[in-house]
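J.: Sequence and predicted structure are below.
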Amino acid sequence: QVHLVESGGGLVQPGGSLRLSCEASGLTLENYAIGWFRQAPGTEREGLICIESSGGSTNYADSVKGRFTISRDNTKNTVYLQMNTLKPEDTAVYYCNAQLLSTQVWGQGTQVTVSS
């Protein structure tokens, strides 16, 4: 079976940092384009970052540009989302997504809460 499992969420104060992980099983992540998304209560899911399978192209939403960074560790079949300078408006459930042609896989999400 194919699974993506996010981890690393939690409660952090404004200005703090978190690193989310997205670990894959049943597929080789380096062959997939990977995206991180988030969804806050009452809002639509928002695309934040996408990295191509080759790692050659990365796109960031304006809301996180300069604060969030995506990276891969192919030896661990894991993708990371480093989040710095967190703001209360970053509070949401964060999801990773893997896409290869018509195949899409979503993780179950991890909650990030930014609050003092």
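T.: Thanks, I have the structure now. Residues are numbered from 1 along each chain as shown.

J.: which residues sit in contact with residue 27?
T.: With contact taken as CB atoms under 8 Å, 6 or more residues apart in numbering, residue 27 is in contact with 2, 98, 105. Where C-beta positions appear, they are placed from N, C-alpha and C, glycine not excepted.

J.: Okay, the second one and residue 111: tell me how far apart.
T.: Using CB to CB, to the nearest Å, residue 98 is found at 20 Å from residue 111.

J.: Settle it for me: which of the two has more neighbours?
T.: residue 98 (23 against 12; other CB atoms under 10 Å).

J.: tell me which helix or strand of this protein sits lowest on mean pLDDT?
T.: When the helices and strands of the chain are scored by mean pLDDT, DSSP states H and E, strand 58-60 comes last with a mean of 80.

J.: Counting by contacts, list what that strand packs against.
T.: strand 46-51 (3 or more CB pairs under 8 Å, 6 or more residues apart in numbering; DSSP states H and E).

J.: Now do the strand it packs on: which elements does it pack against?
T.: Strand 46-51 packs on strand 33-39, strand 58-60, strand 68-73, strand 78-83, going by 3+ CB pairs under 8 Å, 6+ apart.

J.: what about stretch 25-35, average pLDDT?
T.: On average, the pLDDT along stretch 25-35 is 91.

J.: Thanks again, I'm all set now.
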